[in-house]
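Peer 1: All I have is the shape, not the residue letters:
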């Protein structure tokens, strides 16, 4: 039966990033500012009230700006002002700095290149066999489902030379999800300290990036950056498996550094895996 099913269905594993994948390109990311006359003329202070988590603020240069690290993909801003806000598309939405998740961009290309060069130098020894350790520090469970999907036949993370390990002493990359629960802070630090150098930390999801809608509180910090140093910041609530793969490849210098995800126009909707 399995042989017949294999012959019928063919190869299901994506070839991304070696080859384009329509589902990866159509994956919906955090809200973004579309740009253009409507955005330039809009009042950032007035539009800030559209976001329930405060991810929209006034840009000092005029118009609104969006902190994609805080966006929970509720869609309220896109629904209310489709002339100003739209969805970003594609998996390449991770940034090498926390401020790199703010659009319009605040960082210069030169500073991003310098940070990328430093990370490349530090991780050059990792090569093509990389082991991952995942730690949950207070997530709602949604990011865990996306990470687990990396092991299914569609994404098959093993084809990229990446493997999960139960021991931090064997890990090269630490995937951290959750808002940064105070009760898990010591465990996260101990995991980080047990990892051999060079090591990379990726904050996976908006909760890990900025604490989400429940932080700061008596029980949580404002994201995992307050507990351990973070090298790659991946927004999303939750980020798709393609986005997680993109963040991993970015950390290992297997993808080019970009200034941000491609925005959709106001009339488009993102399909794919979301």
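Peer 2: Cool, the structure landed. All figures in this text were calculated on a predicted structure; none of them were measured in a lab. Numbers count the residues shown, from 1 in each chain.
Peer 1: what's the distance between residue 233 and residue 225?
Peer 2: To residue 225, residue 233 is 8 Å away according to CB to CB, to the nearest Å. To be clear about C-beta, it is placed using only N, CA and C from the backbone, and glycine gets the same treatment.
Peer 1: which of these two has more neighbours?
Peer 2: residue 233 (28 against 20; other CB atoms under 10 Å).
Peer 1: Now do the phi/psi pair for that one.
Peer 2: phi -110, psi 120 (degrees, to the nearest 10).
Peer 1: from memory it sits against residue 98, does it?
Peer 2: Yes. Taking contacts as CB atoms under 8 Å, residue 233 lies within contact range of residue 98: 5.5 Å.
Peer 1: Now the common contact residues for those two.
Peer 2: Both residue 233 and residue 98 are contacted by 69, 209, 225, under the criterion CB atoms under 8 Å, 6 or more residues apart in numbering.
Peer 1: Look at the second one and give its secondary structure.
Peer 2: This means residue 209. helix (DSSP: H, G, I helix; E, B strand; the rest coil).
Peer 1: How about the contacts made by the residue nearest to it when sequence neighbours are not counted?
Peer 2: With sequence-adjacent residues excluded and distances taken as CB to CB, 6 or more residues apart in numbering, residue 209 is closest to residue 69, at 4.0 Å. By CB under 8 Å, 6+ apart, residue 69 lies in contact with 55, 98, 101, 102, 206, 209, 210, 233, 235.
Peer 1: Let me have these in TSV, extended by distance to residue 14 and pLDDT.
Peer 2: Output for the contacts of residue 69, formatted as TSV (distance: CB to CB, whole Å; pLDDT from 0 to 100):
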residue	distance to residue 14	pLDDT
55	30	94
98	29	95
101	25	96
102	30	95
206	24	95
209	25	96
210	29	92
233	24	98
235	22	96
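Peer 1: Any chance of CSV for those, columns distance to residue 36?
Peer 2: Formatted as CSV, those follow (distance: CB to CB, whole Å):
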residue, distance to residue 36
55, 20
98, 27
101, 21
102, 19
206, 26
209, 27
210, 27
233, 27
235, 23
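Peer 1: Check which helix or strand residue 176 maps to.
Peer 2: Assigned by DSSP states H and E, residue 176 belongs to strand 173-177.
Peer 1: Which residue ranges make up each domain of the protein?
Peer 2: 22-91, 99-251 (automatic domain parsing).
Peer 1: how far is the longest one from where the chain is centred?
Peer 2: Taking CA atoms, centre = their mean, to the nearest Å, one finds the center of domain 99-251 at 8 Å from the center of the full chain.
Peer 1: same question, the first one
Peer 2: Centre-to-centre, domain 22-91 and its host chain are 16 Å apart (CA atoms, centre = their mean).
Peer 1: got the contact list for the spatially most central residue of the chain?
Peer 2: Centroid-nearest residue in the chain, with CA atoms, centre = their mean: residue 234, separated by 2.0 Å. Residue 234 makes contact with 93, 94, 202, 203, 204, 205, 208, 209, 243, 244, 247 under the criterion CB under 8 Å, 6+ apart.
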